[in-house]
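Enquirer: Here's my sequence, what's the structure:
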Amino acid sequence: MDDRIGAFRDADVLIVGDRIADVGPGLVVDDAEIVDGRGRIVIPGLVNVHMHTWQTGLRGLTSNMTLLEYFRWVHRGLATAFTPEDIHIATLAGALGQINAGTTTLGDWCHNNPTPDHTDAAVSALFESGIRSVFLHGSPKPDPKPGQPHFSEVPHPRHEIERLLATRFTSRGQLVTLGLAILGPHYSTLDVADADFRLAREFGLVASMHQGGGAPKTPGGWEILEARGLVGPGLNIVHGNDLSDEQIARFVAAGVSFTVAPENELTQGHGWPITGRVIAAGGQPTFGVDIESLVSADMFTVGRMAIGCQRGLDNAASRLATGSIPQSPSVTTRDALRWITIEGARMLGLDDRIGSLTPRKQADITILDATAWNMWPVHDPYSTVIMQAGIGNVESVLIGGRFLKRDGRLLRDDAPCIREDLASSGRRIVEALGLPDAFAT
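Expert: Take a look at the predicted model:
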């Protein structure tokens with residue numbers, strides 16, 4: 001994923017400490033541990049820029065829900081039953097699941113943190129997992145109690161951001177860093193959106209927001225925020241299916257990034273993923289799993305869904321316009337691998353550290369067993385990774401030069417306890433809410 005270095009059919013990667021020291025064929029080193037990579041594909045660790053790991057214990061529970069049902073049963077229901085301990089085990093298990101699936105960097109969108117204890121539990125779990133991550137601090141979305149304002153009327157808590165920067169996130173060079181998961185003009189009042197945009201800019205933090213899913217809270221809010229000079233680099237829009245081509249073009253030109261969750265969007269009713277529209281505007285999309293309560297959490301599936309959906313849309317448009325499919329595909333498997341590695345790193349502000357196998361970058365590396373039945377023989381490694389690979393092919397994962405998965409096994413002695421604690425947490429939350437039988441089964 002480094003265009004200056006290119007790709008190699010046979011080469012070596014030299015790791016010294018936590019960094020990549022060299023990449024190329026025939027490297028000669030006398031005092032290094034040798035990891036035999038014959039029959040393997042070595043890629044930058046995958047980057048999942050948008051996932052709500054707090055829902056890991058609810059796996060599969062929302063798979064038959066539309067977006068509106070999800071809002072009702074999860075945000076206004078299940079979420080209210082979470083204790084800090086529930087947040088901790090779900091985040092820990094979710095992060096370890098990402099490592100197991102070949103993801104080395106996670107954008108963890110935590111918007112079920114009603115107390116500082118919930119927030120600290122999530123942050124601690126990310127550190128414990130060993131994954132590189134940006135903790136995107138959000139806010140819950142329950143129904144207000146009598147006398148309380150609606151969540152859309154509540155600015156992001158400055159005091160919490162100041163607390164976190166002074167305690168848990170004292171260095172921007174650490175493995176887990178801080179970002180904001182704000183409401184944005186689709187889900188908040190104009191005053192709240194204005195305050196949140198300014199807060200992110202003041203502290204120099206990435207600010208990610210959902211866009212779409214019902215009518216906007218502030219119609220015309222984007223245009224007002226643009227006029228105030230608040231729309232620019234560091235802002236990230238998730239989904240964005242209801243944005244016009246003109247808006248997407250303006251945002252791309254301003255330096256805004258876009259994140260697509262294709263499987264989730266197609267399933268829950270957001271609309272067609274905007275991958276191609278972002279590309280047409282001169283940008284590059286980034287991608288995330290979104291919610292494990294709905295879909296599987298591996299970026300191979302996300303990349304495959306992304307390229308398949310966009311090709312389908314473009315093929316249909318070509319047939320409509322010319323009566324024939326295109327002469328060549330609109331997006332390639334190499335494009336898709338870029339979306340889930342270096343482009344994701346760029347969206348999180350980490351592309352100077354990760355996202356490609358580049359000397360002096362952090363040694364975040366995923367090794368795939370290409371001799372497996374579903375991958376062999378390999379003719380085009382980009383296509384093999386995107387179109388054939390799955391979690392079962394992830395042999396080893398390194399983050400910062402350290403093995404966290406090796407020879408097909410997570411290097412955690414406590415994995416059985418984590419699994420049991422996750423199951424117990426999920427059962428308690430579901431039973432506390434009393435979901436209808438159609439969903440509980």
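Enquirer: lowest average confidence, helix or strand, in this structure?
Expert: helix 437-440 (a mean of 48; mean pLDDT, DSSP states H and E).
Enquirer: Just after the helix or strand hosting Leu92, pick out the following helix or strand.
Expert: In the assignment (DSSP states H and E), Leu92 maps to helix 84-100. Next in sequence after helix 84-100, counting helices and strands by DSSP H and E, comes strand 103-110.
Enquirer: how near is Leu194 to Pro155?
Expert: Rather than Leu, residue 194 is Asp. Between Asp194 and Pro155 the distance is 9 Å, computed by Cβ to Cβ, to the nearest Å. Quick note: C-beta positions are derived from backbone N, CA and C, even for glycine.
Enquirer: Tell me which residues of the helix holding Leu92 come out buried.
Expert: Across helix 84-100, burial judged by 16 or more other Cβ atoms under 10 Å covers 84, 86-100.
Enquirer: Can you tell me the SS state at the residue lying closest to Gly221 once chain neighbours are set aside?
Expert: Spatial nearest neighbour of Gly221, chain neighbours left out: Pro185 (3.0 Å); criterion: Cβ to Cβ, 6 or more residues apart in numbering. Following DSSP: H, G, I helix; E, B strand; the rest coil, the label given to Pro185 is helix.
Enquirer: pLDDT at Pro185, what is it?
Expert: Pro185 is assigned 97 on the pLDDT scale.
Enquirer: was I right about it contacting Arg228?
Expert: No - assessed by Cβ atoms under 8 Å, Pro185 is found out of contact with Arg228, at 11.5 Å.
Enquirer: got a list of what Thr91 touches?
Expert: Counting by Cβ atoms under 8 Å, 6 or more residues apart in numbering, Thr91 touches 53-54, 56, 108, 110, 121-122, 125-126, 129.
Enquirer: ok, back up a step: give me the mean pLDDT for the helix holding Leu92.
Expert: When pLDDT is averaged along helix 84-100, the result is 98.
Enquirer: And the helix or strand harbouring Cys417, what does it pack against?
Expert: Assigned by DSSP H and E, Cys417 belongs to helix 415-433. Contact analysis of helix 415-433 by 3 or more Cβ pairs under 8 Å, 6 or more residues apart in numbering; DSSP states H and E lists helix 84-100 as its packing neighbours.
Enquirer: For Asn112, list the residues it contacts.
Expert: Asn112 neighbours (Cβ under 8 Å, 6+ apart): 52, 54, 79, 82, 87, 118, 138, 140.
Enquirer: Apply 10 Å and report the result again.
Expert: By Cβ atoms under 10 Å, 6 or more residues apart in numbering, Asn112 lies in contact with 52, 54-55, 74-75, 78-80, 82, 86-87, 90, 118-119, 122, 138-142.
Enquirer: which helices and strands does the helix or strand that contains Asp194 pack with?
Expert: Using DSSP H and E, Asp194 falls within helix 190-203. For helix 190-203, the packing partners by 3 or more Cβ pairs under 10 Å, 6 or more residues apart in numbering; DSSP states H and E come out as helix 158-167, strand 176-182, helix 184-187, strand 207-211, helix 221-227, strand 235-239.
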